[in-house]
Every structure is written in structure tokens, then in C-alpha cells.
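Colleague: Quick one: sequence plus predicted model below, questions after.
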Amino acid sequence: KQASQRLQSLIEKLEKEKTITSPTNLPSGYPFSLKGKLDYPVKGEIITFFGQGEDPELAAPIFNKGIEISAPVGTPIKAVLAGTVIYSDWFRGYGNIIIIDHGAGLYTIFGHASKLLKKVGESVTPGEAIALVGDTGSFKGPCLYFEIRYHGQPLDPLAWLKK
């Protein structure tokens, strides 16, 4: 829970510091016109779902703000949308993470990486490798933690990914 609160604070801080570099030619209805159209960042089994769940260690209710996808260590993690990397570093509770700003208040977060391939300020394209799957900060073995946020609010990634 503390790690989730720290991540929320980081997103809020990064959004406040953001310079006005967001694209001005956004598609009509962006970003919600993209729901159900994004490719998965990695292929694998979803082992943690968005929403209400139970902490296996504490047997206590928790709210998962993202999903976890099981994949072998070293599997390339791919950007799901074009954007700019605004964070690329270790973050307690999530291990190595990358946060990408896609404009219009939309962010994607990729955690538990074994290696980060992109630095802050770099642009990425959909399908471009940004990191490698690892188990940094994970209690479930090698996997990707994946989150989508809109103006700081977590959204169910499965609603945005292709069926």
C-alpha cells in the first residue's frame, strides 16, 4: 500500500513539473478512442488483475491499480503508445520502472524490469522495446507490472488492451 501511495505521489509530482510539450494534434476523443485497441506490452499470463483483490502475504483486502503479466526474465517490454519517457529508475515496491507520458493526461507505467532501455526525455513509438522483464520488486517471480493512469487516476489496463 505504501509503495502504491508513493507511486501516486510521484505521478502527481511529475504531472506538475511537466512542461507544455504535449502534442497538439491529438485524435478526436483522445485518449478514450484508444480503448480496446492497444497491443499488450508483453505476451504472457495475467497473474494479477486490476481492482479489488487480496494480499497473499497478509490475507488483507487490497486494490490493485494495475495488472501483472507473467513472462520470462529478459523478455522485451514494449511501449503501447507513442510518448515521452518521464521516469526511468528504481522505485521502491515496483523495482525498475518506466513511466511514459502520452499527452492529454495519459500515462503508462511499467514495473519489475530487469533492465531499463530508455532514459528520461527519450521519445518512444508503439511496439518499441523500452525495458526487459525481471522480478525487481515482485513477489510473484518474473513478470511485468503494467498500469494506465489518466490525470493520476488508475484505469483498468484490460479495458485498453486488445481482446
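Modeller: Perfect, thanks for sending it. A quick note: this is a predicted structure, and the numbers were derived from the prediction, not measured. Residues are numbered from 1 along each chain as shown.

Colleague: who touches the longest helix seen in the chain?
Modeller: Longest helix of the chain, by residue count under DSSP state H: helix 2-17. Among residues not part of helix 2-17, those counted as contacts by Cβ atoms under 8 Å, 6 or more residues apart in numbering are 65, 86-87, 91-94, 99, 101, 105, 107, 109, 137, 149, 151-152. All C-beta spots, glycine's among them, are computed from the backbone N, C-alpha and C.

Colleague: how about the longest strand along the chain: buried residues?
Modeller: Longest strand in the chain, counting residues (DSSP state E): strand 106-116. By neighbour count, with 16 or more other Cβ atoms under 10 Å as the criterion, the buried positions of strand 106-116 are Leu106, Tyr107, Thr108, Ile109, Phe110, Gly111, His112, Ala113, Ser114, Leu116.

Colleague: Look up how far Ala60 lies from the fifth one.
Modeller: Meaning Phe110. Phe110 is 26 Å from Ala60, where distance means Cβ to Cβ, to the nearest Å.

Colleague: Ok, the first one next?
Modeller: Using Cβ to Cβ, one obtains 31 Å as the distance from Leu106 to Ala60.

Colleague: What of the last one?
Modeller: Leu116 is 31 Å from Ala60, where distance means Cβ to Cβ.
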